[in-house]
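Colleague: Coordinates only, no sequence provided:
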């Protein structure tokens with residue numbers, strides 16, 4: 001029994017045939033006579049042979065070049081199925097069944113759509129009738145083999161990719177920033193290579209992806225750009241934080257190929273050397289630990305029990321939380337236990353600053369050969385040389401040491417730290433040096449002998465408390481840009497660009513677009529004319545200590561002459 005035709009637009013005795021062609025790869029499609037055209041000619045010849053049955057070839061073209069048969073997400077196939085659902089096609093004609101699909105599940109969906117419109121399909125090389133149980137059984141068997149073949153091919157491809165990557169070969173895809181593909185190998189691009197090195201170097205110095213992103217944007221550095229197969233331009237935009245994290249962790253830059261979590265030496269030339277790579281990874285790991293609340297809560301206060309203020313009061317480690325951010329301090333005991341009015345000389349010092357200052361001074365002392373020699377004065381020259389070498393090794397590798405190891409070193413070496421009115425005195429226990437550095441011989445100094453490292457500081461009153469300002473005495477310090485100053489320069493450049501593209505629009509209109517007052521807009525535009533060396537110094541954190549965002553904005557009549565700018569802002 002035949003089913004009633006549901007296609008109201010079908011003319012009596014006419015079978016409208018749509019030819020569908022597909023090729024998995026784009027290779028060869030640019031040839032004058034390609035695989036898709038060969039499939040179409042075979043299908044047209046078959047339709048012509050069925051003219052006596054009323055078969056008519058539709059002019060619409062349904063070609064999917066470069067699309068796998070493992071999915072139905074193909075533009076031409078979707079158009080064809082839509083035309084079938086709309087009643088514009090009676091029969092699909094394909095050269096071979098696997099051109100239509102290689103998936104049993106997808107085949108079932110297609111048959112369901114065909115049945116709903118009383119339509120069918122024909123394979124030129126394998127004639128089937130999908131309306132009979134035997135025809136569907138035969139089709140299912142063939143599709144099972146087609147799917148099996150696809151899975152075997154996929155497995156072979158995966159094995160080949162794995163074997164090739166183990167040999168360090170580049171296996172395709174969009175090459176990362178700094179590289180291009182030549183003869184199936186990654187080759188360094190001059191210019192892009194330096195951008196990658198800049199990203200790694202500046203992150204190692206800044207220690208913050210946010211500050212790195214702001215600096216790259218201010219310097220106009222952009223991500224890699226390329227043209228897709230469809231001709232669309234992709235990339236060439238400002239770096240996002242996520243993109244920078246991916247770059248900083250991409251092992252391609254240290255000359256490796258990664259496959260399923262395993263790294264293999266690559267055939268390409270690395271852009272980043274091993275010391276810089278290790279420094280960046282250590283910084284990333286350290287920042288991750290600081291952002292983890294559990295890790296931060298367990299982080300020891302390095303100087304707990306060692307600090308004393310100028311009245312010989314112990315300083316206690318404490319913290320406060322603001323907007324979800326934890327701030328650590330060392331506070332004079334009277335500031336906690338007594339009335340504020342009785343604690344006018346109490347100190348409240350940011351923990352990070354004092355810890356960094358003390359550890360940098362201890363590091364400098366350890367790497368100073370003369371200091372260690374004077375502190376020990378051992379009778380055995382070979383033992384003393386080993387002691388000096390070991391001290392220098394610990395001092396140089398300090399950033400790589402664990403937090404626990406640093407804490408134990410400081411506890412063993414430091415007797416106490418006195419925070420005075422104008423300086424900090426670090427009292428070192430010389431008798432602990434030999435045992436601390438795993439040297440068998442002990443120094444000949446008396447048990448009570450100490451050495452004092454003095455560091456100048458400045459005290460500043462803040463309300464009833466006294467805070468401490470530490471001068472730049474850290475020999476291991478790297479420049480840290482002022483985030484507010486950097487943002488101010490970025491905004492100034494944006495306002496200036498808006499002004500240049502405004503077609504003589506009034507300042508008030510431009511200011512309103514930016515959501516600021518005309519006065520503020522004008523002041524920021526002037527900042528875009530800063531001397532290049534001043535801008536660079538601010539981006540690298542080398543501006544004078546007194547120059548901050550408020551002071552820069554206060555120069556509403558900043559001179560245009562660069563020499564006068566340097567004098568006004570303290571660069572002269």
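Modeller: Received the coordinates, thanks. Just so it is clear, the model here is predicted, and its values are computed rather than measured.

Colleague: Run through the stretch 451-572 of the chain and note the low-pLDDT ranges.
Modeller: 459-480, 556, 572 (pLDDT under 70).

Colleague: All the helices of it, residue numbers only.
Modeller: For the stretch 451-572 of the chain, applying DSSP state H, counting those that start in this stretch gives helices covering 483-500, 507-514, 518-527, 532-539, 549-554, 562-568.

Colleague: Nearest to residue 94, out of those helices?
Modeller: Closest to residue 94 of the helices of the stretch 451-572 of the chain is helix 483-500 (Cβ to Cβ; 55.2 Å). (Each C-beta comes from the backbone N, C-alpha and C, glycine too.)

Colleague: Which strands or helices does that closest one pack on?
Modeller: helix 209-218, helix 507-514, helix 518-527, helix 532-539, helix 549-554 (3 or more Cβ pairs under 8 Å, 6 or more residues apart in numbering; DSSP states H and E).

Colleague: next one: phi and psi at the spatially most central residue of the chain?
Modeller: Nearest residue to the geometric centre of the chain (Cα atoms, centre = their mean): residue 245, 1.6 Å. With angles defined as degrees, to the nearest 10, residue 245 sits at phi -60, psi -40.

Colleague: Can you show me the strands along the stretch 301-450 of the chain?
Modeller: 307-308, 315-322, 325-332, 348-350, 414-419, 423-429, 450-462 (DSSP state E, counting those that start in this stretch).

Colleague: For residue 193, find the nearest of these.
Modeller: The stretch from the strands of the stretch 301-450 of the chain with the least distance to residue 193 (Cβ to Cβ) is strand 325-332; that distance is 36.9 Å.

Colleague: What count of nearby residues applies to residue 307?
Modeller: 26 (other Cβ atoms under 10 Å).

Colleague: ugh, typo on my part, it should be residue 225
Modeller: Quick note: residue 225 (other Cβ under 10 Å) scores 11 neighbours.

Colleague: what is it paired to in the beta sheet?
Modeller: residue 235 (DSSP bridges).

Colleague: isn't it right up against residue 192?
Modeller: No. In this structure, residue 225 is not within contact of residue 192 by Cβ atoms under 8 Å, at 10.2 Å.

Colleague: just to revisit the earlier point, so the residue nearest to the centre of the chain sits against residue 209, correct?
Modeller: Yes. With contacts counted by Cβ under 8 Å, residue 245 reaches residue 209, the gap being 6.3 Å.

Colleague: Report how many residues lie close to residue 105.
Modeller: Residue 105 - counted by other Cβ under 10 Å - has 10 other residues nearby.

Colleague: repeat for residue 194
Modeller: With other Cβ under 10 Å as criterion, residue 194 counts 13.

Colleague: Same check on residue 361?
Modeller: Using other Cβ under 10 Å, residue 361 has 21 neighbouring residues.

Colleague: per-residue confidence at it?
Modeller: Here the pLDDT value assigned to residue 361 is 87.

Colleague: That one and residue 390: what is the separation?
Modeller: Residue 361 is 19 Å from residue 390, where distance means Cβ to Cβ, to the nearest Å.

Colleague: again, but for residue 26
Modeller: Separation of residue 26 from residue 390 (Cβ to Cβ): 62 Å.

Colleague: For those two, work out which one has more neighbours and name it.
Modeller: Using other Cβ under 10 Å, the more surrounded residue of residue 26 and residue 390 is residue 390, with 18 against 12.

Colleague: Break the protein into its domains for me.
Modeller: Per automatic domain parsing, the domain ranges recorded for the chain read 15-151, 179-291, 301-470, 483-568.

Colleague: how about those in JSON lines, adding distance to residue 170?
Modeller: Output for those, formatted as JSON lines (distance: least, Cβ to Cβ, whole Å):
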{"stretch": "domain 15-151", "distance to residue 170": "19"}
{"stretch": "domain 179-291", "distance to residue 170": "5"}
{"stretch": "domain 301-470", "distance to residue 170": "32"}
{"stretch": "domain 483-568", "distance to residue 170": "35"}
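
Colleague: List just the one of those that sits closest to residue 163.
Modeller: For the domains of the chain, the distance to residue 163 is smallest for domain 179-291, at 9.6 Å, taking Cβ to Cβ.

Colleague: picking up where we left off before, could the helices of the stretch 451-572 of the chain be laid out in CSV, adding distance to residue 252?
Modeller: CSV is the format used below for the helices of the stretch 451-572 of the chain (distance: least, Cβ to Cβ, whole Å):
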stretch, distance to residue 252
helix 483-500, 29
helix 507-514, 40
helix 518-527, 39
helix 532-539, 27
helix 549-554, 38
helix 562-568, 41
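
Colleague: would CSV of these with mean neighbour count and distance to residue 19 be doable?
Modeller: CSV is the format used below for the helices of the stretch 451-572 of the chain (neighbours: other Cβ atoms under 10 Å; distance: least, Cβ to Cβ, whole Å):
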stretch, mean neighbour count, distance to residue 19
helix 483-500, 17, 53
helix 507-514, 14, 55
helix 518-527, 18, 63
helix 532-539, 18, 61
helix 549-554, 14, 68
helix 562-568, 14, 71
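
Colleague: Helices of the stretch 1-150 of the chain, start to end?
Modeller: Taking DSSP H, counting those that start in this stretch as the test, the helices found in the stretch 1-150 of the chain are 35-49, 75-85, 97-100, 104-116, 133-166.

Colleague: Quick one: mean pLDDT over the last one.
Modeller: To tie it back to what came earlier, the one meant is helix 133-166. pLDDT averaged over helix 133-166 gives 69.

Colleague: rewinding a little: deepest of the strands of the stretch 301-450 of the chain, which one?
Modeller: The highest mean neighbour count among the strands of the stretch 301-450 of the chain, using mean count of other Cβ atoms under 10 Å, belongs to strand 307-308: a mean of 22.

Colleague: For that strand, which helices and strands make contact with it?
Modeller: Strand 307-308 makes packing contacts with strand 414-419 when contacts are defined by 3+ Cβ pairs under 8 Å, 6+ apart.
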